[in-house]
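1. got a predicted structure here, sequence first:
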Amino acid sequence: MTLTTLAVLVPLLPFLGAAGALLLGRTAPGFVRPLAVLPTATAFVLAVIVATRQGSGAATDAATRLTPTGSVPIDLALHLDGFSVLIAVLVGLVATCVQLYSTGYLREDPRYASYSALVSLFTAAMFLVVYTGDLMVLLVGWEIMGICSYFLVGHYWETEVARAASLKAFLVTKLGDVPFLIGVFALAADAGTFRINGILTAATHGGLAHPTVIGLLLLAGVAGKSAQFPLHTWLPDAMAGPTPVSALIHAATMVAAGIYLVARLLPVFEASAAVLTVLAVTAAVTMVGSGLAAFAQDDIKRVLAYSTIGQLGYMAGALAVGDRGAAVFHLLSHGAFKALLFLAAGVVIHAAGTNSLAAMSRMSDIGRRAPDAMWTMGIALAALAAIPPFSGFFSKESMLRAAEHASSGHAKGVPAGAGWLVLIAALVTAVLTAGYATRLFLLAFRGRGPAAPEAHAKEPAVMNAVLWVLAVPTLAFGAVSLVPSLLDLPAWFDGRELAPTLVTSILGVGLSLVGVLATYGAWQAMSARRAAPLGAVVTAGAAAEEEPALTEAAALQTHEQVYGDVAAAHDPADPGRLLLGPLFGPASHGFRLDAVYSALFVRPVLAASGLVRFLDREVVETYVRGAGGLPRLIGAVVRRTQTGNVQTYISVLLAGSVILAVLVAVGA
């Protein structure tokens, strides 16, 4: 087969798998699991073949005219280069792992058929976004992912939380998609084409008349899809969906689409220094804010959700300083270890026995129950914290290198201030990331929460197997990707160097170690402080001969009276409380941005709608009712005069004649 034919089959196979699962879900349920796994796995294999054959050579383009539009044409275009083929491999790997994992995680779910079909459709849409060479076709995949996320996040629609989360995800991303759509049309109007190659040519040669306006409009859509400030608030709430869906959204689809779009269209954004500055500010606020919020979350999946927002901020920061190679490198690395983190979290939740025990403050002895999850999540958290030699270290250092280069004013078209802002924010975030990664591991696997009931069953083997599969790229991808004889990433990208430098490596690793050690020390201090009242009470009770020794339940009750109910609050041994201090409360609620948006936008809109409803019912409808009521009133009056009595008619006629005669006489 030709390269283009193989590339066309990659998104087509998951799409056909989705259609088959929907059609056979009720009539032949035995075919659902093969239709979920095999098409996606085959697409992954084909994506690997496409990447191998494309390699680091010149881009491959193919196109056919979809329809004559009379103005800007729309093409079914294919564009294969180093960026697209490697991201397609990531999408295929994560989607295959998610489908395999889901066969165990949702093995008793009555809606598994529709779930697997939506995951396959989600995967096909992301493949379409990655491979297409036309913005309108990209927009189709972009919107399909939006509706798939709505259904998947709301998979447990029986619960109010899932319904609200799915609506929020849909509405917030649509809020960004409206200006994004306007930006796409404006970009095509300036460039005279929807073809990405033509747009890049126009941007490179100064052919865009409104680069700042177009760039800002596109960034609004990117902020929604990739959960960047201020449109990031939907992502933590999206954890109401099944855990494998979170892995897919966070690692390889949806949120990765916005970063990929900016990387593909980077010359468009580089045409305006103002746009790059806005992107840098957005990335900096996103990185630091999400790091603080992750440090204060109790739900294990919400910690990972805010972590994703921060890592996407890293990628946006790399793009803001003009290095798309570093951004996509971290996108690939992050995809592997973030998928591993979420799927391991699913095993932890399964080991706890129920999804309601995702709160880390309630976890106890999870490491013994789920050793595979503990070891693999430890590997992924080390990669997240950028500890060498894990993959996250190499990809994050490439971003720091790019920011340091831009801060010295050596990046063409990038303001030095933007470089400094991204660099400082990235270094601060390195401390926070290492801190909340350490906190997550300590609370989840070494937590001392109330003893949870034993899990109802041991997790299926396929779930643990998937974890170890993803642990391989988490361990090896960073180092392997920079060895020219194995995978020379700079050659696949723009040719820019991605290897760590001495200065940024020392700063990054040093700050990460500071975050790890500070969090561990705070955890030890809080644990000792927590144990002191219990030990003192038990010792005092045992020493007093007239008082019996306190039972475990009594000791726990005394402890809760001193520190508060641990079932309703965070674990008193939470190091985040000590390290964040007064910031812990606001950070645990995402700095109450939802409340701010409610006050600024939701309440005024509701008040305005209430006013419109009042005017419509009490004013407009009054005139409408009056328009019909007046004829009815006149008719009622006239109807009373139609008595059918001839004498009455003659009397009225005579009276009228007399009155008329009098009036004529008076007038004369």
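-> Arrived safely, thanks for sending. Residues are numbered from 1 along each chain as shown.

2. can you give me the helices for the stretch 401-550 of the chain?
-> 416-445, 461-480, 484-487, 489-492, 502-543 (DSSP state H, counting those that start in this stretch).

3. right, and those - which one's nearest Val72?
-> The closest of the helices of the stretch 401-550 of the chain to Val72 is helix 489-492. By CB to CB, the value is 31.1 Å. Placement of C-beta: from N, CA and C, glycine included.

4. hmm, who's touching that closest one?
-> With CB atoms under 8 Å, 6 or more residues apart in numbering as the test, helix 489-492 has contacts from 55-56, 82-83, 86, 325, 329, 481-482, 484, 496-498.

5. does Phe390 touch Leu381 like I think?
-> No - at 9.3 Å, Phe390 does not count as touching Leu381 under the criterion of CB atoms under 8 Å.

6. just list the residues touching the residue nearest in space to the middle of the chain, thanks.
-> Centroid-nearest residue in the chain, with CA atoms, centre = their mean: Leu235, separated by 4.2 Å. Leu235 makes contact with 169, 227, 250, 255, 305, 308-309, according to CB under 8 Å, 6+ apart.

7. tell me the phi and psi of the nearest residue to it once chain neighbours are set aside?
-> In space, and not counting its chain neighbours, Leu235 is closest to Ala227: 4.1 Å by CB to CB, 6 or more residues apart in numbering. Main-chain torsions, Ala227, degrees, to the nearest 10: phi 50, psi 60.

8. residues in contact with Ala227?
-> Counted by CB under 8 Å, 6+ apart, Ala227 has contacts 234-235, 255, 308-309, 312.

9. can you check Ala247 too?
-> Going by CB under 8 Å, 6+ apart, the list of residues near Ala247 reads 94, 97-98, 101, 338-339, 342-343, 346.

10. wait, is it part of a strand?
-> No - read with DSSP: H, G, I helix; E, B strand; the rest coil, Ala247 is helix and lies in no strand.

11. and the residue nearest to it when sequence neighbours are not counted, which of the three is it?
-> Of all residues not flanking Ala247 in the chain, Phe342 sits nearest, at 3.7 Å (CB to CB, 6+ apart). Following three-state DSSP, the label given to Phe342 is helix.

12. okay, now the unreliable bits of this protein?
-> For the chain, the stretches flagged by pLDDT under 70 are 353-357, 448-457, 530-572, 668.

13. ok, which stretches of it are strands?
-> Assigned by DSSP state E, the strands in the chain fall at 60-67, 74-80.

14. residues in contact with the last one?
-> For strand 74-80, the external contacting residues (CB under 8 Å, 6+ apart) are 3-4, 7-8, 50, 54, 59-67, 131-134, 136-137, 194-197.

15. filter the residues you listed to the buried ones?
-> Neighbour-count burial (16 or more other CB atoms under 10 Å) is assigned, among these, to 3-4, 7-8, 50, 54, 60, 62-63, 131-134, 136-137, 194-196.

16. so which of those are in helices?
-> Mapping these onto helices (DSSP state H) picks out 3-4, 7-8, 50, 54, 131, 136-137, 196.

17. can you redo these as a markdown table with distance to Phe591?
-> As requested, these are exported to a markdown table (distance: CB to CB, whole Å):
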| residue | distance to Phe591 |
| --- | --- |
| Leu3 | 48 |
| Thr4 | 48 |
| Ala7 | 43 |
| Val8 | 45 |
| Val50 | 43 |
| Gln54 | 44 |
| Tyr131 | 38 |
| Met136 | 37 |
| Val137 | 38 |
| Ile196 | 37 |
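
18. going by distance to Arg362, which of those wins?
-> Closest to Arg362 out of these is Tyr131 (44.0 Å), distances taken as CB to CB.

19. could you measure from that closest one over to Ala296?
-> To Ala296, Tyr131 is 40 Å away according to CB to CB, to the nearest Å.

20. next, count neighbours for Ala36.
-> 27 (other CB atoms under 10 Å).

21. now do the one 5 residues further on
-> With neighbours defined by other CB under 10 Å, the count for Ala41 comes to 20.

22. hang on, it packs against Val94?
-> No - using CB under 8 Å, Ala41 makes no contact with Val94, being 12.0 Å away.

23. which of the contacts of Ala227 fall in helices?
-> Counting by DSSP H, the part of the contacts of Ala227 found in helices is 234-235, 255, 308-309, 312.

24. using neighbour counts, trim those to the buried set.
-> Buried members of these, scored by 16+ other CB under 10 Å, are 234-235, 255, 308-309, 312.

25. next up, the contacts around Pro14.
-> Per CB under 8 Å, 6+ apart, neighbours of Pro14: 39-40, 43, 95, 120-121, 123-124, 127.

26. now render those as CSV, adding neighbour count and distance to Val288.
-> Below are these laid out as CSV (neighbours: other CB atoms under 10 Å; distance: CB to CB, whole Å):
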residue, neighbour count, distance to Val288
Pro39, 26, 41
Thr40, 28, 37
Ala43, 28, 38
Ala95, 30, 32
Ser120, 29, 37
Leu121, 23, 36
Thr123, 33, 33
Ala124, 29, 36
Phe127, 30, 34
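
27. now render those as TSV, adding distance to Val620.
-> Below are the contacts of Pro14 laid out as TSV (distance: CB to CB, whole Å):
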residue	distance to Val620
Pro39	55
Thr40	54
Ala43	56
Ala95	53
Ser120	49
Leu121	44
Thr123	50
Ala124	48
Phe127	51
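
28. out of those, flag the one nearest to Ala411.
-> Among the contacts of Pro14, Phe127 lies closest to Ala411 (CB to CB), at 31.9 Å.

29. skipping adjacent residues, who's closest to that closest one in space?
-> Counting by CB to CB, 6+ apart, the residue nearest Phe127 is Pro11, at 3.6 Å.

30. pretty sure the one you found sits against Leu128.
-> Yes - Pro11 lies in contact with Leu128 (CB under 8 Å); the separation is 4.8 Å.

31. more neighbours, these two?
-> The neighbour comparison of Pro11 against Leu128 (other CB under 10 Å) goes to Pro11, with 24 against 21.

32. can you tell me which residues contact that one?
-> Pro11 makes contact with 43, 124-125, 127-128, 131 under the criterion CB under 8 Å, 6+ apart.

33. now Phe584
-> Here Phe584 is in contact with 295-296, 576-577 (CB under 8 Å, 6+ apart).

34. kindly recompute the last result at 10 Å.
-> 292, 295-296, 570, 574, 576-578 (CB atoms under 10 Å, 6 or more residues apart in numbering).

35. related to what we said a few turns ago, which one of the ones in helices among the contacts of Ala227 is nearest to Ala203?
-> Of all the ones in helices among the contacts of Ala227, Ala203 sits closest to Leu312, with 23.5 Å by CB to CB.

36. skip the chain neighbours and tell me the closest residue to that closest one.
-> Once flanking residues are discounted, Leu312 sits nearest to Ser226: 5.1 Å by CB to CB, 6+ apart.

37. give me phi/psi at that neighbour?
-> Backbone geometry at Ser226, expressed as degrees, to the nearest 10, gives phi -100, psi 10.

38. so it sits against Gly310, correct?
-> No - in this structure Ser226 lies outside contact range of Gly310 using CB atoms under 10 Å: 11.9 Å.

39. any residues in contact with both of the two?
-> 232, 286.

40. and stretch 215-226, how far out from the chain's middle?
-> How far stretch 215-226 lies from its chain's middle: 13 Å, per CA atoms, centre = their mean, to the nearest Å.
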